[in-house]
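Visitor: The following comprises the amino acid sequence and a computationally predicted model.
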Protein chains: 2
Amino acid sequence: MRIVKKYGGSSVATIDKIKNIAQHLLERKNNVLKGEKCEIVVVLSAMGKTTNKLIELAKEITPSPNPRELDALMATGELQSIALLSIALENLGLKSISLSGSQVAIKTTGTHTKNKIETIDTKIIERYLNEDYIVVVAGFQGINIIGDTTTLGRGGSDTSAVALAATLNCDCEIYTDVKGIYSIDPRVYKDAKKIDKISYEEMMEMANLGAGVMEARAVEIGKKYGVKIYVGETLSLENGTYICDMNEIIEKRVVSGISINENVIMVSIEQFSNFPKNVSILFSLLAKNGINVDMISQSDVSDIKGHIAFTCPGTDEIILDKSLVELKKEFPDIIVGKRRDVGKISLVGIGMISNFGVAAKVFETLAETEISFHQCTTSEISISVIINKINIIKFVEKLAKNFSL
Amino acid sequence: MRIVKKYGGSSVATIDKIKNIAQHLLERKNNVLKGEKCEIVVVLSAMGKTTNKLIELAKEITPSPNPRELDALMATGELQSIALLSIALENLGLKSISLSGSQVAIKTTGTHTKNKIETIDTKIIERYLNEDYIVVVAGFQGINIIGDTTTLGRGGSDTSAVALAATLNCDCEIYTDVKGIYSIDPRVYKDAKKIDKISYEEMMEMANLGAGVMEARAVEIGKKYGVKIYVGETLSLENGTYICDMNEIIEKRVVSGISINENVIMVSIEQFSNFPKNVSILFSLLAKNGINVDMISQSDVSDIKGHIAFTCPGTDEIILDKSLVELKKEFPDIIVGKRRDVGKISLVGIGMISNFGVAAKVFETLAETEISFHQCTTSEISISVIINKINIIKFVEKLAKNFSL
């Protein structure tokens, strides 16, 4: 058997935790049937809060550090954790080798700090697996065409792990500090239930919508290449959540989960002529600056002066502000408003496809709780609303009750 | 003009220090004459005690971590400091690029944790210099033939800097937290004098003998390729020390300096047949394990059973102990003794070549101070003795007086 096992930052936060994972891998290696091959690839995040600490160091110099250098800086965290786990494995008598994104040759494209994996060369990994090494790969990082170190954005280690499993043609286990995927973030709603099985589609929506457990791109790759993904608590014996094909889930829930995303800024632009050309200039500008625009809505006040609103991650604020200054130069008449005190609440469920009335129930809940919303979008399997942060808990608790989660 | 400037760990220990260096480099760039090119390559060590902290993490797992993985771990410190300086330089509006040992292609050979530079590819550096970038290179690290990250051993960043200056055909400035090279370590002997000019040969002996300021290999490369080296305090206006050719120094001092090395273990092996074959087995074994043997002395008790003694760095103790166990298997009759409470005092001076009586004066000083010595070796320009640690200060003070340092 062959497996990719990914451990998150909190799972490798201390030397003791790293030693425990090494011990677990030793047992896993020893527990295979005689004659069976046991090929393990481990993907790690940086220890604990290392990545954040590195970003803070850079921000002590300037609020907007050079992205190429920030990538080089951030990538060192994973280089440390993989070397330390490899030392721990070798110390237990196992053969182990740590490999950086550049050593594996995880080729990426895109903007620095937000790269995407293009190809993974598995030659070196296959060679070491063949010689019975445990291969420990740095998550979150790769190398671009000119040889610069790149990173994959927040939660990028999940993407590294699933992409490796896809190229190595095996399953992927994601270990973290939570017991699996919950219908609602249990830190917000303590009665939330763990989900045993969830479809790629639902998980992608939930991840995209800010349910912190897994990165959406990782799930997307999983779906595309049919990688079976397991999400569970590090070193726990309790079962976590399996992410699998929609068809493998017999009883489809109307609403599988509610996700809460507080990393949201909502921008509204008034006096903006909604000619397709202008809208295109706006979103091209944002894209050029690497801002992930999420919800978009617009309404025409008259036939030439309109109103457009969109949301983006709160962490993009600095570059957003710069972009809005650029935009103002192009369109001096516009009035720009920015809301930071908002959050996005999303309901996700593959059952929505065949069930009407979910949106109606959401608006009913808003009415019951007397909460007004700023924006609303829907997809086939989700519905999202932007509301003020102070109302989030009240709204989510009521939703959980109304949808019996 | 073109220059390699190297800053040690204490000079980049904090973000403020890194910002100050960036500011200094900006002024340096602006201060060149109109039309003159100013090409700067910066070599950095890791911030403050980072390397030590990383080694401690590894030693929390095991006292003898896998050397390949230890190298990968240690090399991350310099990757962080170069990215941070580059961010600071870019923030001041300068063009800057950080390059790892692997990105430059600093090819090394040898044992992990103690590699030697074989070749440096300057193509990428020349290209960036040509485009007016300040090129910030990670010291202490390289890459071996199979693509593994390697390190150059303690003080290896000096070696990186001088080797880069040699290949880039320019001078090298080494910045540190001391004002230059002193005749005696000023922490031990407060009346020690700073030397304005010292020859490569003297500096090599002093560095080899443990005068902490510069790495001997770095000076050796400087001598071989005629790289002019300046050693001085970071951001200080006071003059430091120039390391240059012996012929450039007109008045040759008999004794330029006294160095003190407390990182010494002395091993004596009794009942050891001093056949050339046996001696060769002993030193081959030590070399195979990567131990730097320093002083060697032997004496025959009878024609077949002899006595041999040698010293090696105290930091090699773990691997030394392993080697001695191996040796004992080969020669079960030998009696092995180990002294850790000793230090090595060395006097260095190019004037010794033409001056007799230095050794006599050293032994006179030992007699005066009633200090007995365990071993003694001499070279053309140096004389070293091993004495007990407790006697070091008394001896050095008397030597300084007798040789008027």
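Guide: Perfect, I can see it now. Treat the numbers as computed from the prediction; the structure is a model and nothing was measured. Residues are numbered from 1 along each chain as shown, chains lettered A, B, ... in the order given.

Visitor: Tell me where the stretch 151-300 of chain A has strands.
Guide: With DSSP state E, counting those that start in this stretch, the ranges of strands along the stretch 151-300 of chain A come out as A:171-176, A:181-182, A:194-195, A:197-199, A:229-233, A:241-244, A:257-261, A:264-272, A:296-300.

Visitor: Tell me the strands beside the third one, with direction?
Guide: When pairing is defined by DSSP bridges, strand A:194-195 lines up against strand A:181-182 (antiparallel).

Visitor: Return the per-residue confidence for residue A:181.
Guide: On pLDDT, residue A:181 comes in at 87.

Visitor: Could you count how many residues lie near it?
Guide: By other C-beta atoms under 10 Å in any protein chain shown, the residues close to residue A:181 number 25. C-beta: built from backbone N, CA, C; applies to glycine.

Visitor: Same check on residue A:33?
Guide: 7.

Visitor: so whichever residue of the stretch 301-405 of chain A sits closest to chain B, which of the three states?
Guide: Closest residue of the stretch 301-405 of chain A to chain B, C-beta to the nearest C-beta: residue A:318 (13.6 Å). The three-state label given to residue A:318 by DSSP: H, G, I helix; E, B strand; the rest coil is helix.

Visitor: got a list of what it touches?
Guide: Neighbouring residues of residue A:318 by C-beta atoms under 8 Å, 6 or more residues apart in numbering or on different chains: A:63-64.

Visitor: How about residue A:200?
Guide: Residues in contact with residue A:200 (C-beta under 8 Å, 6+ apart) are A:219-220, A:222-223, A:243-246.

Visitor: Just the ones of those in helices?
Guide: Residues of these located in helices (DSSP state H): A:219-220, A:222-223.

Visitor: Out of the residues you listed, which is nearest to residue A:268?
Guide: Within these, proximity to residue A:268 (C-beta to C-beta) peaks at residue A:220, which comes in at 29.7 Å.

Visitor: And for residue A:276, the neighbour number?
Guide: Residues contacting residue A:276 under the criterion other C-beta under 10 Å number 7.

Visitor: With the one 4 residues further on instead?
Guide: Neighbour count of residue A:280, defined by other C-beta under 10 Å: 10.

Visitor: and what of residue A:190?
Guide: For residue A:190, the count of nearby residues is 7 (other C-beta under 10 Å).

Visitor: For residue B:89, find the nearest of the strands of the stretch 151-300 of chain A.
Guide: With distances scored as C-beta to C-beta, the stretch of these nearest to residue B:89 is strand A:264-272 (30.6 Å).

Visitor: buried stuff in that closest one?
Guide: By neighbour count on 16 or more other C-beta atoms under 10 Å in any protein chain shown, the buried set for strand A:264-272 is A:264-269, A:272.

Visitor: Could you give the separation between the terminal residues of stretch A:334-342?
Guide: Start-to-end span of stretch A:334-342 (C-alpha to C-alpha, to the nearest Å) is 22 Å.

Visitor: And stretch A:99-110, by the same measure?
Guide: Distance between the two ends of stretch A:99-110: 22 Å, counting by C-alpha to C-alpha.

Visitor: for it, which positions count as buried?
Guide: Quick answer for stretch A:99-110 (16+ other C-beta under 10 Å): A:99-108, A:110.

Visitor: hmm, that stretch touching chain B?
Guide: Yes - contact of stretch A:99-110 with chain B (C-beta under 8 Å from any C-beta of the partner chain) involves A:100, A:102-103.

Visitor: gap between that stretch and the chain center?
Guide: Distance of stretch A:99-110 from its chain centroid, counting by C-alpha atoms, centre = their mean, to the nearest Å, is 19 Å.

Visitor: re earlier: would you state the predicted confidence (pLDDT) at the residue of the stretch 301-405 of chain A closest to chain B?
Guide: pLDDT, residue A:318: 90.

Visitor: Check which helices and strands the helix or strand hosting residue A:42 sits against.
Guide: Residue A:42 belongs to strand A:39-44 when assigned by DSSP states H and E. Packing partners of strand A:39-44 (3 or more C-beta pairs under 8 Å, 6 or more residues apart in numbering or on different chains; DSSP states H and E): strand A:2-7, helix A:15-30, helix A:76-91, helix A:123-130, strand A:134-138, helix A:156-168.

Visitor: Could you dump those into a markdown table and include distance to chain B, mean pLDDT and mean neighbour count?
Guide: Below are those laid out as a markdown table (distance: least, C-beta to the nearest C-beta, whole Å; pLDDT from 0 to 100; neighbours: other C-beta atoms under 10 Å in any protein chain shown):
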| stretch | distance to chain B | mean pLDDT | mean neighbour count |
| --- | --- | --- | --- |
| strand A:2-7 | 16 | 97 | 23 |
| helix A:15-30 | 4 | 95 | 17 |
| helix A:76-91 | 4 | 98 | 28 |
| helix A:123-130 | 8 | 96 | 16 |
| strand A:134-138 | 9 | 98 | 28 |
| helix A:156-168 | 17 | 96 | 27 |
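
Visitor: Including distance to residue A:372, could these go into CSV?
Guide: Below are those laid out as CSV (distance: least, C-beta to C-beta, whole Å):
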stretch, distance to residue A:372
strand A:2-7, 41
helix A:15-30, 45
helix A:76-91, 42
helix A:123-130, 53
strand A:134-138, 46
helix A:156-168, 35
